[in-house]
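Q: Model the structure of this input:
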Amino acid sequence: MTFYMFYSFRFTAMATDNKYNVTTDITIKVLEVNDNPPIFQQQIYRETISEGQRGKDLEYILTVKATDADSATSSAGVINYEIGVGSQGKFKLNGTTGVLTTAEFANFDYETQRVYNMTIVARDEGIPSQSGTAYVIINIRNENNKNPFIKPETRRADVYENVIIGTSVLQVIGEDPDGGTLIITILEYNDQPPRFLPYKNVTISEDQPAGTFVMALKATDEDDAISEYRMIESPRNFFTIGLYTGVVVTTETIIDYEEIEETYFIVQVFDDGVPRLSATAYVHVTIVNVNDNSPIFDRPSYNLNFPENSPGGKSLLRVHATDLDKGHFGQIKYFLTDPFNRFYMNNETGEIFVSPGAVLDREATPSIDILVTAYDSQLDPSVRRFTEVSIFLYLDDVNDNPPKFKVNDYIIRIPETIPINTEIFQVAATDQDLGINAYITFSKVRDSGDPQDFFALNPQTGRIRVSKSLLRQTGTYRFQVMASDAKYNTTANVTVIVFEAANSQPIWVIPPKTNMTIEVLESQYLGMLVFQVSARDDDRGTNGLIDYGFSVGNQTLSATSPEFRINPLTGVIRAERVFDREERDRYVLILVARDRGNPYLETQRSLTVVIIDVNDNVPVFPQSGGGQTIPYRFQISENAPNGSRINAVTATDADLNPKIYYYIIGISEEAPVQQSIVQVQAIDEDAYGNIRYRITQGNTGGALSIDPTNGIITNNILMQNQENFLLDVQADDSAGGVTLSAETAAKVLIFVTQKTKEVKLIIKQPASEVRTFIANYQTELQKFKRNNNNKYFDFICFSDIRDHVLDDGQTTSLWSDVYLSAICANCFNRNYYIYTTDELLRELTQLQNENKDTFDLLYINDMEPALGEQSYIDSTPTLVVMIIIILLFVLIIVFLIIACYCIQVSSRKKKALIHQHHVEEPTFEPVVVEKGLNPVYDNRGYEPEEPHAQYAQVLKRREIEPEQVPEAEPSPRYSDQSATMEVEIKDDSSPERSPPESPRIIDPADEEFVIETQVL
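A: Numbering: from 1, shown residues only. A predicted model of the protein is given here:
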């Protein structure tokens, strides 16, 4: 079959990476099929001419005229005329106009030939050509131009002599060539109706598109020609018939087997006799069922709560789907997708069960998403349809976790003078369960110690207080405490050391209350300032010096916890990690303020750090066990009205009280909105009339729009999660207020490419050369076929052509990098499937191994994933940055040298002032802090008094042996693992010597270096 150009559309396509653009001109030619023969306006032409008419002057006789339904702009619609038979050289026909004239020197003689019958053929220029015929009858009119004569001239007759008068002797015949001869024409009377040739009833499949061939009916007539065929009865107008061909085809009314399994039609045929006679044919049509409906679940998704640790075999729920198809096409089975095999299902009933041995621990996995697929066509997998539905399972908590103390052994030191009802400590336990299952109560274990009940335990808070006076009750008290969640119990050991009071314990200033809560933002930075605590001690000397720390595990005084660090001298608390509220929303710190007495005294406070949420988590749609987003698959009736509810999508956000907004987004998926994609163009042969364009079908969700005047198609939304659009675009012209629309819309196929699905071809040719011959690359790659004769790639899309990037990050213009994606049609159960990078790379590598010569001709050197390349930075700006950093580093060193020198000079000057000033220890009054207020972020939290200047000298020097220490000036010392910190505070009003130093918390190191600083 040969095609002819009917319409031509021209547009320019542009590919962009948001920085560089490349364009190419595209011409789409819509071709016409020569499927219509020429048809004469009359089947028989009649005319009479005089026998005296001569052909010298080419006398006009008549004009024949035929029409062709094919476009006049194509060769299939161009008609030429010729005389088939019957001319006898006396007539001439103009092949273009159809004008019939007498031929040159033609003579006509009525007495020789009175009528001329000719066959006229109209033939179009299509290949193969189609033709139509008509008949021309030319009658010759007689003229009186000859003398009469007797024929034969001599006759002989014998007669008897006695014949009576009047007897006929002989008949003499005289003739005149011009005489009026009586012609009696016996006309036919149409007494034979047409009849259909034998035919059979037909069988067709449902859902056939309009114009599908059904059958061809053929009729004959013994004495007349067949004039036309008519469809006189077709229930629901399923079928129509060609007026002259008798070909029966389907109409736009779709046949659905689920609505009608058989039907019929009646055709009537007419001849062209007088009178016209007809015949009818009744055809029975059997509809064949096809699998044209997918299973539909009765819910868009399923949600179920059930207890954790449910046993194997427990029935959870039953899914149900229906299929509108009949027979085995409508029979449904199910299968379940669970990567961890925690569930199984009955594929007949859709009932889902817990697998034996499945681990369903709410504390590890509170929710589970699985996928159930329903499929039909049990007997023919090749036409099987699938529908998926998400199952969201939520595990309800059961009491399966015992409480757990943060530490197993608590040790507290208190003086005997501590007041009654003073809370001395708080035990803490956690339970991984939820709600009532995690409600913990505390109690003292009977007969575990403390028989006199000096200490009481709050069952709700776990705080231990002194219930009786401890005067003259020094010693060590041991007992056990129990944490219970009403099912499980856990115990911990508590040791309270009551010592003889020689000094008073520190008094907390900040936090002022036993329990205080502060708030800190999540997702900040390592080392962030969290809080500053403060305590005072009214004792003098080392008994009044306070060290800060945390009670962590078995360490009663630690400068660090897993999440925080506290400065032992200043009480500044900093973060040891970047907090994530979604991982943990609060921390409880047990603060310890310990003096340096011997024995030391300490007090504790609880500080709750609440992590405040920031929007640092993206919304997440339901995911499979492998972390992949589960795609939604919705179904909707084809005739659903606008605004019909299709379904709902649900996303979650780990942030606190998130507000989630939903958008339909989506030909690169990174293409900006209103990106010009393609231009369609129609050509109108008229000299007037404006062409206007519109999209009639395929514009899912209004994602695309077309400029009605120039035909440029743009995107209205981001093209994420889109793969392709198949658009019907119609062009209309307006002339004189009348709109003429094309009967069939032009098709525009748009693919949405993604960088994550591209492969980079490394080609040993400059980019300018590759751009010139890019169509050749496309053609050659699309030629490859599989063993089943299917193409590897039906479409190859090139997104970018650029200079090749070398391994060191430099570029060369001698080679080029070409980025492409590939699409195959009707594969992987999809109309169009875009290969992933791995799939495309695997296919291209296989083709290169099998067709090395072809790839060499294309200069393809190598192939790799498009996003696998490294990102290189120009070395020039990097070098500049490095030079700036070096200069800044040199300036910092110079600044530090100057600062150290100034500090040393200033320190020497201040040493003389240490013994000349009367220094009184500052006193602090408790500061009332509002609940939730963090003094670090509010200057009201700490207001030091300034009665006079206060000085403290801190020396850090090489450690000396004990016998070398001057006994006249013993001083308290604080030691850490790296150095010994000595603090000397002198008070002129207190000449008495300080008591011996308290035991060090941590042993000093052997080597010490002198560092002097001062605090004013």
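
Q: Give me the helices and strands touching the helix or strand containing residue 607, please.
A: Assigned by DSSP states H and E, residue 607 falls within strand 602-612. Contact here means 3 or more Cβ pairs under 8 Å, 6 or more residues apart in numbering; DSSP states H and E; on that basis strand 602-612 packs against strand 423-426, strand 507-510, strand 515-521, strand 529-532, strand 586-595. (Glycine included, C-beta is placed from N, CA and C.)

Q: Quick one: closest of those strands to residue 449.
A: For these, the distance to residue 449 is smallest for strand 423-426, at 15.0 Å, taking Cβ to Cβ.

Q: In the sheet, which strands lie alongside that closest one, parallel or antiparallel?
A: Sheet pairing for strand 423-426, assigned by DSSP bridges, gives strand 463-466 (antiparallel).

Q: Provide the strand pairings for the helix or strand that comes right after the strand it pairs with, with the direction of each partner.
A: Once the chain leaves strand 463-466, the next helix or strand it forms, by DSSP H and E, is strand 475-484. Strand 475-484 has the following strand partners under DSSP bridges: strand 441-444 (antiparallel), strand 489-499 (antiparallel).

Q: right, and the ones you listed - which one's nearest residue 379?
A: That would be strand 489-499 among the strands paired with strand 475-484, by Cβ to Cβ, at 61.3 Å.

Q: just the CA coordinates of the closest one, formatted as PDB?
A: Output in PDB follows, covering the C-alpha atoms of strand 489-499 (Å, rounded to 0.1, in the frame of the first residue of the first chain):
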ATOM      1  CA  ASN A 489       9.300  -6.200  87.600                       C
ATOM      2  CA  THR A 490      12.900  -5.000  87.500                       C
ATOM      3  CA  THR A 491      15.100  -4.100  90.600                       C
ATOM      4  CA  ALA A 492      18.100  -1.900  91.100                       C
ATOM      5  CA  ASN A 493      20.500  -1.500  94.100                       C
ATOM      6  CA  VAL A 494      20.600   1.800  96.000                       C
ATOM      7  CA  THR A 495      23.500   2.700  98.400                       C
ATOM      8  CA  VAL A 496      23.100   5.700 100.600                       C
ATOM      9  CA  ILE A 497      26.300   6.800 102.500                       C
ATOM     10  CA  VAL A 498      25.500   9.000 105.500                       C
ATOM     11  CA  PHE A 499      28.600  10.700 106.700                       C
END
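
Q: List the buried residues in it.
A: Using 16 or more other Cβ atoms under 10 Å as the test for burial, strand 489-499 gives 490, 491, 492, 493, 494, 496, 498, 499.

Q: Need these in TSV (columns: pLDDT and distance to residue 468).
A: Formatted as TSV, the buried residues of strand 489-499 follow (pLDDT from 0 to 100; distance: Cβ to Cβ, whole Å):
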residue	pLDDT	distance to residue 468
490	95	27
491	95	23
492	94	22
493	94	21
494	94	16
496	93	12
498	90	11
499	84	17
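
Q: Report the contact partners of the nearest residue to residue 437 once chain neighbours are set aside.
A: Excluding its sequence neighbours, the residue lying closest to residue 437 (Cβ to Cβ, 6 or more residues apart in numbering) is residue 399, at 3.9 Å. Counting by Cβ atoms under 8 Å, 6 or more residues apart in numbering, residue 399 touches 433, 437, 485, 486, 487, 488.

Q: Give me the pLDDT for residue 399.
A: The model reports residue 399 with a pLDDT of 92.

Q: And it, how far from residue 486?
A: As judged by Cβ to Cβ, to the nearest Å, residue 399 and residue 486 stand 7 Å apart.

Q: again, but for residue 805
A: On the measure of Cβ to Cβ, residue 805 and residue 486 end up 66 Å apart.

Q: Great, nothing more from me.
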